[in-house]
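K.L.:
Here is my input; please provide its structure:
(2 chains)
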Amino acid sequence: MSQDILTSTFAGAIRSGTPLLFATLGEILAERSGILNLGVEGMMLIGAFTGFAVSYTTSNLWLAVIAAMGAAAILASLHAFVSITLKVNQVVSGLALVFLGSGLSGFWGQKFVGIQSVSFSNVKIPLLGDIPFVGTILFDRDPLVYVGYLLVPLIWWYLYKTKYGMNLRAVGEAPAAADARGINVSLTRYIYTIIGGALSGLGGAYLSLAYTSMWVENMTAGRGWIAVVLVIFAIWDPVLAMVGAYIFGGISVLQFGLQVAQTPIPPNIMKMFPYLFTVAVMLFTSSEKMKKRFGAPTALGIPYSREEKT
Amino acid sequence: MRLRIERKKEDPTKLSIFLMSIFSVLASLVILGFIILSLGKNPIDAYIQLTSWPFGTIAGLTQTLVSMMPLLFTSLGVLIAFKMKLWNIGAEGQFYMGAFAATWGALFLFNKISNPWIMLPLLAIFAAAFGGAWGAASGWMKAKLGVNEILSTLMLNYIAIYWVNYLVYGPWKGKGSYNFPITATFPKSAILPQYTSDGLNLGIFLAIATSFFVYYLLRWTKFGFHMDIVGDNPTAAKYSGINVGKMTIAVLALSGAISGLGGMMQMSGVLFRLQPNFSPGYGYTAIIVAWLARLNPFVAIVVAFLFGGLLVGTQQIQLFLQIPFSLVSVFEGLVLFSLISGEALLRYKVKIGGVKV
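P.N.:
Purely as a prediction, here's the structure:
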């Protein structure tokens, strides 16, 4: 492969990994608090649609991003309400969120299908962007990619180095003990489920505001589910989430690279790659033993109530 | 204001669950009405159109039965898995694999067979085997490696759909299809007996027969009994000598086989050839049908009939009122949310600031 193809493949990996990164970071926060939210796909779709609709009507990209995050946060708060306050099965609630998110976005989004809107353009960072090869790949990207770069260390620092991060981890590991120490378990879970949703919405918005400048029904194409798998791959760690997201991004753009290189693999077979790879990742990371060793939050998916301490 | 929720001592009665389910559906319809209103359409008009054609006319009723058939197969499939608390979200992919196998058999493997009595059972077995293998793969990953079945069945959906796309856009593209991505038409021997000119076929009776089979299996066999035990408490099941891993694989295989069978029936009964996106999400709607039916295979017949009508009615209002088809997913999401919330409210007492509600 020539240098050009290599550069564009790596750059493509960053671009198509960024929505996964946002969604994965969001899900990590929610799961760290003990709430399993399988609704990422639905929240991303609502984010993608809302972002597009707002950017199309106002031409203000940052307003669109904020609206996308807000819309997905509203969906997430629905999940928070039923799974924290009503203590229902989080799996079913998450699935309901997927139906609702994909349904509403498709429903309201139909009149936006096929229109172009403004989108984020690349902003070259001075000095860093001039580094040959690496600079073009990493530092000549759209602003949301840079937001991703910043969020990873920020969330890492927050989780491991601040009191709030410690409280968050405590709520996911040992809610009863956290409760005894005076941490409000329900409130904590509400907050991170909703923030998690907002980040998923950001991931969705990336698709319709930066990755393309269009809205297409179900345009996430399973990325929300892949993000759920990436959380396991990343063992609930933001830095590994970044590594995982970019690797997955690379695999989903591999098809374009291979097409340019004129490999005889048909496009529909190449489109299977990310899903096949996801299955492969699950095969290596899913065993209960692995999860125990690498620290899945102990209380993940288990509703907490003071009266029924077990 | 403080909202507190406490568990009730007694379990809800069957009647209260039934009434709650009805109420959930009605509540969802009301919310859906506001969502329809947000597009500037009249929800009353929409509901009249939604129900009058699929349930009130002979032609519409036929269509309802036709779209009920794949829905019933797939919901019976997921219902079996749910019974053992296995979240098979892969009915869509298993349905696709069944359709793929049926097409493979009808057009390429057994195309010399001209006797439908040999051909059709052969296709059914073949499709069930492929759907079953698709389910069993997730079962195996779950049993051996603890891979979450929700995610694995879901990924396999995407793989199955792209596989069918690959075939119909590539090697299986039929001659005389004017470059459309569709296969050749099934031979006569691979087509189920038809009762009307618009698609009502033997498949619907076989789907209902399958409900009876599933009921029998769950209620009267040792296998069903073991499923109950594993579903209730896998640890206890292990200690009583049940091989939980084997059960997991077997149940997901069976679950996939039934959905796969549905895929074959759709091919041989309704479409007669494979094409991309031939399912409007039957495998996903099946989840709601199974849940609303409380995992009862007989109730599933009724719910599948209603949802079959919903799919037909939505196509109708899409055509006449320009209301997007995604309305179905919105409704499904709403129903699922109100069902689980309603159930929680049946099991718990809600106290607001110390006052019982």
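
K.L.:
Tell me which stretches of the chain form helices.
P.N.:
No chain specified, so I'll use chain A. Along chain A, the stretches classed as helices by DSSP state H are A:3-32, A:40-58, A:61-80, A:90-109, A:134-138, A:143-161, A:163-173, A:175-180, A:185-206, A:223-233, A:238-260, A:267-270, A:273-285, A:288-294.

K.L.:
right idea, wrong chain: chain B
P.N.:
Under the criterion DSSP H, helices of chain B are mapped to B:14-38, B:43-56, B:58-83, B:91-104, B:116-145, B:149-169, B:203-220, B:222-232, B:234-239, B:244-266, B:282-292, B:297-321, B:327-347.

K.L.:
so can I have JSON lines of the ones you listed showing mean pLDDT, distance to chain A and mean neighbour count?
P.N.:
No exception for glycine: its C-beta is placed from N, CA and C like everyone else's. JSON lines is the format used below for the helices of chain B (pLDDT from 0 to 100; distance: least, CB to the nearest CB, whole Å; neighbours: other CB atoms under 10 Å in any protein chain shown):
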{"stretch": "helix B:14-38", "mean pLDDT": "92", "distance to chain A": "7", "mean neighbour count": "15"}
{"stretch": "helix B:43-56", "mean pLDDT": "92", "distance to chain A": "12", "mean neighbour count": "18"}
{"stretch": "helix B:58-83", "mean pLDDT": "96", "distance to chain A": "10", "mean neighbour count": "26"}
{"stretch": "helix B:91-104", "mean pLDDT": "97", "distance to chain A": "10", "mean neighbour count": "31"}
{"stretch": "helix B:116-145", "mean pLDDT": "95", "distance to chain A": "5", "mean neighbour count": "22"}
{"stretch": "helix B:149-169", "mean pLDDT": "94", "distance to chain A": "4", "mean neighbour count": "24"}
{"stretch": "helix B:203-220", "mean pLDDT": "96", "distance to chain A": "20", "mean neighbour count": "17"}
{"stretch": "helix B:222-232", "mean pLDDT": "92", "distance to chain A": "14", "mean neighbour count": "16"}
{"stretch": "helix B:234-239", "mean pLDDT": "88", "distance to chain A": "12", "mean neighbour count": "13"}
{"stretch": "helix B:244-266", "mean pLDDT": "97", "distance to chain A": "13", "mean neighbour count": "27"}
{"stretch": "helix B:282-292", "mean pLDDT": "94", "distance to chain A": "7", "mean neighbour count": "27"}
{"stretch": "helix B:297-321", "mean pLDDT": "94", "distance to chain A": "10", "mean neighbour count": "21"}
{"stretch": "helix B:327-347", "mean pLDDT": "92", "distance to chain A": "3", "mean neighbour count": "23"}
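
K.L.:
can you tell me which of the ones you listed comes nearest to residue A:107?
P.N.:
helix B:327-347 (5.5 Å; CB to CB).

K.L.:
Run the angle between the closest one and helix B:14-38 for me.
P.N.:
For helix B:327-347 against helix B:14-38, the angle by axes from the mean of the first three to the mean of the last three CA atoms, to 10 degrees is 140 degrees.

K.L.:
just to revisit the earlier point, can I get the helices of chain B in TSV with distance to residue A:141?
P.N.:
Conversion of the helices of chain B to TSV gives the following (distance: least, CB to CB, whole Å):
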stretch	distance to residue A:141
helix B:14-38	36
helix B:43-56	45
helix B:58-83	42
helix B:91-104	35
helix B:116-145	36
helix B:149-169	27
helix B:203-220	52
helix B:222-232	49
helix B:234-239	47
helix B:244-266	42
helix B:282-292	35
helix B:297-321	40
helix B:327-347	34
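
K.L.:
out of those helices, nearest to residue A:237?
P.N.:
Closest among those, using CB to CB: helix B:149-169, at 19.0 Å.

K.L.:
Give me the angle between the closest one and helix A:273-285.
P.N.:
Using the same axes, to 10 degrees: helix B:149-169 against helix A:273-285 is 150 degrees.

K.L.:
Pull up the distance across stretch B:105-120, start to finish.
P.N.:
Stretch B:105-120 has its terminal residues 10 Å apart, counting by CA to CA, to the nearest Å.

K.L.:
how far is it from where the chain is centred?
P.N.:
Offset of stretch B:105-120 from its chain centre (CA atoms, centre = their mean, to the nearest Å): 27 Å.

K.L.:
Can you give the contact residues for that stretch?
P.N.:
Stretch B:105-120 is contacted by residues B:122-123, B:126-127, B:172, B:183-184, B:186-192, B:267-268 when judged by CB atoms under 8 Å, 6 or more residues apart in numbering or on different chains.

K.L.:
List the contacts of residue B:315.
P.N.:
residue B:325.

K.L.:
So it versus residue B:24, what's the distance?
P.N.:
Counting by CB to CB, to the nearest Å, the gap from residue B:315 to residue B:24 is 24 Å.

K.L.:
how about the contacts of stretch B:105-120, which pair is most distant?
P.N.:
B:172 and B:192 (21.0 Å).

K.L.:
quick one: residue A:106 and residue B:324 touch, right?
P.N.:
Yes: taking CB atoms under 8 Å as the definition, residue A:106 is a contact partner of residue B:324 at 6.0 Å.

K.L.:
what sits against residue B:45?
P.N.:
Residue B:45 neighbours (CB under 8 Å, 6+ apart): residue B:321.

K.L.:
please redo it, this time with the cut-off set to 10 Å
P.N.:
Counting by CB atoms under 10 Å, 6 or more residues apart in numbering or on different chains, residue B:45 makes contact with B:36, B:317, B:320-321, B:323.

K.L.:
And the residue positioned nearest the centre of chain B, how far from residue B:91?
P.N.:
Nearest to the mean C-alpha position of chain B, by CA atoms, centre = their mean, lies residue B:286 at 2.4 Å. Going from residue B:286 to residue B:91 by CB to CB gives 5 Å.

K.L.:
tell me, what's touching those two both at once?
P.N.:
B:70-71, B:73-79, B:259, B:262.

K.L.:
So what's the residue count around residue A:164?
P.N.:
Using other CB atoms under 10 Å in any protein chain shown, residue A:164 is surrounded by 12 other residues.

K.L.:
do you know how far it is from residue A:195?
P.N.:
Taking CB to CB as the measure, residue A:164 falls 11 Å from residue A:195.

K.L.:
how many neighbours does the closest residue to residue B:333 other than its chain neighbours have?
P.N.:
Nearest non-adjacent residue to residue B:333, counting by CB to CB, 6 or more residues apart in numbering or on different chains: residue A:100, 3.0 Å away. Burial of residue A:100 is recorded as 26 neighbouring residues (other CB under 10 Å).
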